[in-house]
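Asks: whatever this is, show me its structure:
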Amino acid sequence: MKTLSQDLITRFRQLPMRYPWLRWAALALGLGFSVGVTYYFHVQVQQEAYSRVQAEAIGMADAVESRIRAYSDVLFALRGFFNASDNVTRDDFHQFAEALSLNERYPGVTNISLAVRVPHARKLEYERAVRAETSPLVKDLPPFAIKPPGERAEYAVLSFIEPMGKNLPAWGLDLNADPIRRAAMDHARDSGQLASTTGVTLLRDSNSSISSTLLRLALYRGGSVPQSVEERRRLYWGMAGSTVRISEMIAATLPKDTLSRVHVQVHDMGTGSVIEAGEGTLLYDSAAPEGGAPAQTPHEFSEYRADHLVSVADHAWRVRVTPREDPVDVLDKIGTGATLIALLAATVLLFWLVSSIATSESRAVELARSNVALKALSESNQIAAAVIRNSEEGVMVVAADLTIRAVNPAFEKITGFAASAAIGKTPRILFSGRHDDAFFEQMHRELDLHGTWRGEIWNRRRSGEHYPQQTSLSALRASDGSIAHYAAVFHDRTAEYEAEAKLRELSSVDGLTGIANRRIFDETLATEWARALREARPLSLLMADIDHFKAYNDFNGHLAGDGCLKEVAATIAATVRRAGDLAARYGGEEFAVILPASDAAAAAAMAEKIRASVAALEVPHGGSPVAPVVTLSIGAATLVPARASQAAGLIAAADAALYAAKHAGRNRVVCRTGEIPAARAA
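Replies: Residues are numbered from 1 along each chain as shown. Got it, this is the predicted structure:
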């Protein structure tokens, strides 16, 4: 007896011969699988590259935000400096700035400043007071005046500014005269928090397009920040400020090798409460020359572009990072290509293998048929030779060049000789002597029992004459009352019958459990459904599932799991014995039982019987029973055809009952009869 593995191998080898299209299907599936897997790896490689760009962009954005935070801390220190004394002089402010070492510790900071609130009524008085200062810091400077000229209700005069040097054009500037600067100052005054104005061109940079950000922090009389907006406006007396050139700050923050590998752009997206849609205002472009026009963003690798927002006081900056070179690693590209080549090679190999199996199996079948025919011919010749010793009536059997004399009709022996037709010969049976109609009628019956003849029967007395094949028996009667000629067709189909039976078994039986497979289940359910509709009788279905089978499989191993499936299947099949009932493997560890003409009570009884039989099993593994005991959860459903809509409803009902059994604790039967919607009236 063949083992299970040998049987499976035999079935596999017969598939390409039974289904010639299988090799083309294997080729198509292989190509599709190759493309799909390669595309999957390609996407994974791209995602990994994008993640690397994202991580780098996050690091760059964090570095910029940390730098801005450090610059913001300078203003809070400046607020504390003014809160500590009511009489801070220009010299004091200069010493404070010197102590900060702005150029070394805060790259990009062009100045720190103090803007004083001056009502219009005190404008002239304030200008005279500044002009009267005797500090060496203002010696040889142009006479102080608030600018730009013009009368305004209130001025925010830039009085202290360090270092003075290149910032001298801003000395005396009324920040309220510029709507952009005034908006930032009003926000800082009313909120008590840091405010910023970005995208500003300084007076010292008026001949270039270098962008700067202005940081502002309000100062209040009394030191602390008042609680209400009204109090803040009333006690507000000045504004601490800092100016940062963005390009210098980023150049000091981001390494040069990083900026050489990626294209960095910084855009101002608006205030925190109103983030602008679209691109925003460009503040910095690493591809643009210092003070030059912005460069176009490279598009070749824009799919890997990463954007991150940075908080700058009350504004949000977007740091955009785009790779200048392909971020996908060369080895990843090679790996993806190698995967595609390997899969295509495997697909071609599979196609060749299936084609070879089909060819070899076809030749094997032909060879087997030839062997059967030759064996039958040899046996029939031997039989005929043995019969010749008891000769009473001469019988001559001729096939090709082989002549054997025999006696006695011996019909069951003669028929074996006709198998020579399977190898392309034309067998002739030549009878000598007289034979009555009964002789040939009996021969006709015997030959029909063995199949269809392909050959000729001759009467020796009229040799050289014969009738065409398939001539009727009545037309072959001679005038002397005997059958002169008889011709018919025969072919020994024994080997074909065996092959067809084997193929039918392969297509209907589950290879592991030995019970009906899913295809037979579907066909049987459709047949029984139609019969139930035609005969107006009920139809029940059981859906059973082995409880905790995955845990059983993981604990005991897959071989034990297969053994468990076999034992449960055999138990279910042995329990379901009524003619017409069908036990099948539905899939995995799930089984199905079709119960024609069974009502709900009968279905419930059968389900309980199956459950109890399986629960009583002791599934062996390694020579000893395996714990825990194997149990089933079973869902039963019964539909009356006159009320049901389609067979699929029966499966859905049984499945619902099965899930209910699972949720109720397993190892039980749940019936759902009557809960299935009835068919709508036609």
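
Asks: break down the stretch 501-650 of the chain into its helices, ranges please.
Replies: 518-535, 549-556, 558-575, 600-615, 647-663 (DSSP state H, counting those that start in this stretch).

Asks: list the contacts of the first one.
Replies: The reference is to helix 518-535. For helix 518-535, the external contacting residues (CB atoms under 8 Å, 6 or more residues apart in numbering) are 507-510, 516, 537-539, 541, 580, 582, 584-587, 592, 594, 596-597, 641, 647, 650-651. (Glycine included, C-beta is placed from N, CA and C.)

Asks: just the residues you listed: which are in strands?
Replies: In strands, judged by DSSP state E, the following of the contacts of helix 518-535 are found: L539, L541, L582, A584, R585, Y586, G587, A592, I594, P596.

Asks: got a markdown table for those residues, with pLDDT too?
Replies: Listed next are those as a markdown table, based on pLDDT from 0 to 100:
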| residue | pLDDT |
| --- | --- |
| L539 | 91 |
| L541 | 95 |
| L582 | 93 |
| A584 | 95 |
| R585 | 95 |
| Y586 | 94 |
| G587 | 90 |
| A592 | 96 |
| I594 | 95 |
| P596 | 93 |
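
Asks: pull the most distant pair out of these.
Replies: With CB to CB as the measure, no two of these lie farther apart than G587 and P596, at 21.8 Å.

Asks: who has more neighbours out of the two?
Replies: P596 (21 against 12; other CB atoms under 10 Å).

Asks: how near is that one to P226?
Replies: According to CB to CB, to the nearest Å, P596 stands 90 Å off from P226.

Asks: just A346 next, same as before
Replies: A346 is 77 Å from P226, by CB to CB.

Asks: what's the answer for L168, then?
Replies: Relative to P226, and taking CB to CB, L168 is found at 34 Å.

Asks: now do A656
Replies: Distance from A656 to P226, by CB to CB: 69 Å.

Asks: with A115 instead?
Replies: Distance from A115 to P226, by CB to CB: 19 Å.

Asks: okay, those two: which has more neighbours?
Replies: A direct count of neighbours by other CB under 10 Å for A115 and P226 places A115 higher, at 24 against 16.

Asks: who's the more buried one bridged to?
Replies: L158, M239 (DSSP bridges).

Asks: same check on D307?
Replies: The partner residues for D307, given DSSP bridges, come to R320.

Asks: just the helices in the stretch 201-350 of the chain please.
Replies: 229-235, 246-253, 256-261, 330-387.

Asks: so who does V330 touch?
Replies: Applying CB under 8 Å, 6+ apart, no residues contact V330.

Asks: how near is it to F41?
Replies: V330 is 15 Å from F41, by CB to CB.

Asks: so the longest helix seen in the chain versus helix 246-253, what angle?
Replies: For the chain, the helix with the greatest residue count under DSSP state H is helix 22-83. Per axes from the mean of the first three to the mean of the last three CA atoms, to 10 degrees, the angle that helix 22-83 makes with helix 246-253 is 110 degrees.

Asks: show residues contacting the next helix or strand after helix 22-83.
Replies: With elements assigned by DSSP states H and E, the helix or strand that comes after helix 22-83 is helix 90-100. Applying CB under 8 Å, 6+ apart, the external contacts of helix 90-100 come out as 74, 78, 81, 85, 106, 112, 114, 133, 135, 137-138, 160, 162-163.

Asks: what's the mean pLDDT across helix 90-100?
Replies: When pLDDT is averaged along helix 90-100, the result is 89.

Asks: same check on stretch 336-346?
Replies: Here the average pLDDT along stretch 336-346 is 85.

Asks: buried ones in that stretch, by neighbour count?
Replies: T336, T339, L340, L343 (16 or more other CB atoms under 10 Å).

Asks: name the nearest of these relative to R122.
Replies: T336 (74.6 Å).

Asks: my guess is that closest one meets Y39, correct?
Replies: No - the criterion here is CB atoms under 8 Å, and T336 misses it with Y39 at 9.3 Å.
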